[in-house]
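Asks: Dropping a prediction and its sequence here:
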Amino acid sequence: MPAFQSLVLTDRQTTPVNHTLTPVGEPRDGVFTVAVADATGASISEKSMSISARRVNGKQKTVEKFTFPTIVNETINGVVVPRVARVARITVTTEFEDTHTIAEKNDAIGMFSSAYQTTKPLIHDTVVKGEGIW
């Protein structure tokens, strides 16, 4: 059983940057959240990820939710104030039957992860570039 711990995630910048997300508070209703404040230190700019795992009717269901706010600075009466301009959200739900083997689950997650590589245009160009499918 994994511990509630920090998570290091790497972005896709030209020079990739590691982002360390650390546990936030106590778990609430079985949901564990990790987050990181960006260089501004503003709490509104926290990138975060939450995860929950439940067993229901012979299945394990996990839900991971990622939140990535984009912050802009506004000047109001000469005072610079950070504001959330938009928020990217990604939700991943997995569901495996108790009879699935570790190898079967590992293969499924590996294929899922592989689908999001930049060299896979069906997923990458549709999701990242916003292109339609023909």
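Replies: Arrived safely, thanks for sending. Numbering: from 1, shown residues only.
Asks: The nearest residue to Ala53 once chain neighbours are set aside - how many residues pack around it?
Replies: In space, Ala53 comes closest to Thr62 once its chain neighbours are excluded; the distance is 4.7 Å by C-beta to C-beta, 6 or more residues apart in numbering. Backbone N, C-alpha and C define where each C-beta goes, glycine included. Thr62 is flanked by 13 other residues according to other C-beta atoms under 10 Å.
Asks: Okay, now the sheet partners of whichever strand or helix holds Thr62, with direction.
Replies: Secondary structure assignment for Thr62, by DSSP states H and E: strand 59-76. The strands beside strand 59-76 in its sheet (DSSP bridges) come out as strand 47-56 (antiparallel), strand 79-97 (antiparallel).
Asks: ranking these by burial, who's on top?
Replies: strand 47-56 (a mean of 15; mean count of other C-beta atoms under 10 Å).
Asks: So for that one, mean pLDDT?
Replies: Mean pLDDT, computed over strand 47-56, is 93.
Asks: Likewise for stretch 16-33?
Replies: 91.
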